[in-house]
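> need a 3D model of the following:
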Amino acid sequence: MTDQSREIEQRVTSFLDSIDAEYEIVDIDPDFADTINFCDKYGFPIETSGNTIIVASKRGAKKHSASVVRADKRLDVNHKVCELMGIKRASFAKAEETVELTGMMIGGVTCLALPADIPIYIDAALLDQPYVILGGGSRSTKIKANPSVLAKIPNATIIDDLTL
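Predicted coordinates:
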C-alpha cells in the first residue's frame, strides 16, 4: 500500500470517528475491490454496497459532484444529476480525473473523505439497508457502516430517485 493510500484511509477513519459513526474496516484483496467481485468473494449482498461515482460537467467551467448509489442500481446522470448540478450535460469522470480530484483509485473511492467543495448526492434507497458497504479510500479496504453515517456527511444531500 502506498503512503497516499494510507493517508486517505486515515482521513476516512478520522472522519468516521469525528461523527461517532458505528463502522467496521473490512480488509480486502485489492484484486477484488470492484463491487461485483468484492460481493462475490466476501459474501456481501450487492444491494448493501454503495458505489461512489464522480460526475463531471461536459461544457463551460468544469464542475464535479459525487453520487452514492446502491450497486445494483444505475445512476441517472443525464437527468437527475444534471438537474442537481445545474448543468445541461455531464458524464462519468475519467479514472485519471477521479484520482486527481479525490486522491483515490477507482474501486476505493468513497464519499467519506472527499474535498469539501464537491457536492455529494446520496440515493435515499441506501438508508433502508441494514448496513452499507462503502469504499475505504483505497483498493485494500471497504467500510461497513450503519447507513445513518451517510446523513452525517456535511456536504451531502439525500435524494429520492437518484437512479434509473
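> any idea where the helices of the protein begin and end?
3-18, 35-42, 82-85, 95-102 (DSSP state H).
> could you list the low-pLDDT ranges of this protein?
The chain contains residues with pLDDT under 70 at 1.
> just the strands in it please.
23-27, 50-57, 64-70, 90-92, 120-123, 132-135, 141-145, 156-159 (DSSP state E).
> before we move on, back to that, what's the closest of the helices of the chain to Ile54?
helix 95-102 (4.7 Å; CB to CB). Just so you know, the C-beta spots here come from the backbone N, C-alpha and C atoms, and that holds for glycine as well.
> other SSEs contacting the closest one?
Helices and strands touching helix 95-102, by 3 or more CB pairs under 8 Å, 6 or more residues apart in numbering; DSSP states H and E, are strand 50-57.
> what are the pairing partners of the strand it packs on, and which direction each?
Paired neighbours of strand 50-57 in the sheet (DSSP bridges): strand 64-70 (antiparallel), strand 90-92 (antiparallel).
> okay, buried residues for the shortest one please.
Neighbour counts over strand 90-92 (16 or more other CB atoms under 10 Å) mark Ala90 as buried.
> let's have the helices of the chain in a markdown table, adding mean neighbour count and distance to Val55.
A markdown table is the format used below for the helices of the chain (neighbours: other CB atoms under 10 Å; distance: least, CB to CB, whole Å):
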| stretch | mean neighbour count | distance to Val55 |
| --- | --- | --- |
| helix 3-18 | 16 | 20 |
| helix 35-42 | 16 | 17 |
| helix 82-85 | 16 | 7 |
| helix 95-102 | 16 | 10 |
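> so which of those is nearest Val69?
Of all the helices of the chain, helix 35-42 comes closest under CB to CB, at 10.9 Å.
> alpha carbons only: can I get that closest one in PDB?
Taking C-alpha atoms only, helix 35-42 is exported to PDB below (Å, rounded to 0.1, in the frame of the first residue of the first chain):
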ATOM      1  CA  THR A  35     -18.000  -4.100  -6.300                       C
ATOM      2  CA  ILE A  36     -19.300  -7.300  -8.000                       C
ATOM      3  CA  ASN A  37     -16.000  -9.100  -7.400                       C
ATOM      4  CA  PHE A  38     -15.900  -7.900  -3.800                       C
ATOM      5  CA  CYS A  39     -19.500  -9.100  -3.100                       C
ATOM      6  CA  ASP A  40     -18.900 -12.500  -4.700                       C
ATOM      7  CA  LYS A  41     -15.600 -13.100  -2.900                       C
ATOM      8  CA  TYR A  42     -16.700 -11.800   0.600                       C
END
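> all set, thanks.
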